[in-house]
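J.: quick check, what structure comes out for this input:
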Amino acid sequence: MIYLQLYWEFFKTGLFAVGGGMATLPFLAHIGESTGWYTQTQLMNMLAVSESTPGPIGINMATYVGYTIGGVPGAVVATVGEVTPSIIVILLIAMILQQFRHNKYVESAFYGLRPASTGLIGAACVSVIVETFIRYSASGTGGVDWSTLTVSVGGLALAAVLLVLTNWVKPTAKWHPVVFIAASAVVGVVFHFGGV
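T.: A predicted model of the protein is given here:
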């Protein structure tokens, strides 16, 4: 039963997350909330691992969540669920592409999808920033207990240093991203920014 649920949840994610892997984050957040499979913090950790591994982020996230919930079979089922809608859509489009290639309604529909994709990716970015840099507790009414609000100063400092090193310091700007990922992991472990 868990495998069927994994397939269905990731099938929906693959079907509606238009705009790439980051657009899957709002769907993944909803899956975590509705199923209880993982928390928002665990989702951000999964995102970090998925970003640092090769391959599309949406597929990596599906594989990661599937493995966490159902082991290797869960990883396979979630991944297949994620890619099934894309395969179906690609096959359908390939069959009828020549007929509708220059149809003004099709072009308008794809043009209209751009803002939706931008909004989904923007929402994902905001949730990652909030989860990474801001800590708070929920109040009894389900809102935010503002008295518990703290900002990760160390995390902000690390982000600022990385921004400078990757954009404005010429010798380090050409370094491979893996170097920055590894260095950030070491700094995070040494200074434990999750608690700062």
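J.: helix, strand, or coil at residue 146?
T.: strand (DSSP: H, G, I helix; E, B strand; the rest coil).
J.: and it, how many neighbours does it have?
T.: The local packing of residue 146 (other Cβ atoms under 10 Å) involves 9 other residues. C-beta: built from backbone N, CA, C; applies to glycine.
J.: against residue 152, how distant is the nearest residue to it once chain neighbours are set aside?
T.: Closest residue in space to residue 146, ignoring its immediate chain neighbours: residue 136 at 7.5 Å, by Cβ to Cβ, 6 or more residues apart in numbering. Look at residue 136 and residue 152: by Cβ to Cβ, to the nearest Å, they are 12 Å apart.
J.: what average pLDDT does the lengthiest helix in the chain get?
T.: Longest helix in the chain by number of residues (criterion: DSSP state H): helix 57-100. If you average the pLDDT over helix 57-100, you get 86.
J.: what lines up beside the helix or strand bottoming out on mean pLDDT in the chain in the sheet?
T.: Using mean pLDDT, DSSP states H and E, the weakest-scoring helix or strand in the chain turns out to be strand 134-138, at a mean of 74. Sheet pairing of strand 134-138 (DSSP bridges) gives strand 144-151 (antiparallel).
J.: and the helix or strand following the strand it pairs with, what does it pack against?
T.: Going down the chain from strand 144-151, the next helix or strand is helix 153-167, by DSSP states H and E. Using 3 or more Cβ pairs under 8 Å, 6 or more residues apart in numbering; DSSP states H and E, the elements in contact with helix 153-167 are helix 104-133, helix 170-173, helix 177-191.
J.: got the angle for helix 153-167 vs helix 177-191?
T.: Relative orientation of helix 153-167 and helix 177-191, computed by axes from the mean of the first three to the mean of the last three Cα atoms, to 10 degrees: 160 degrees.
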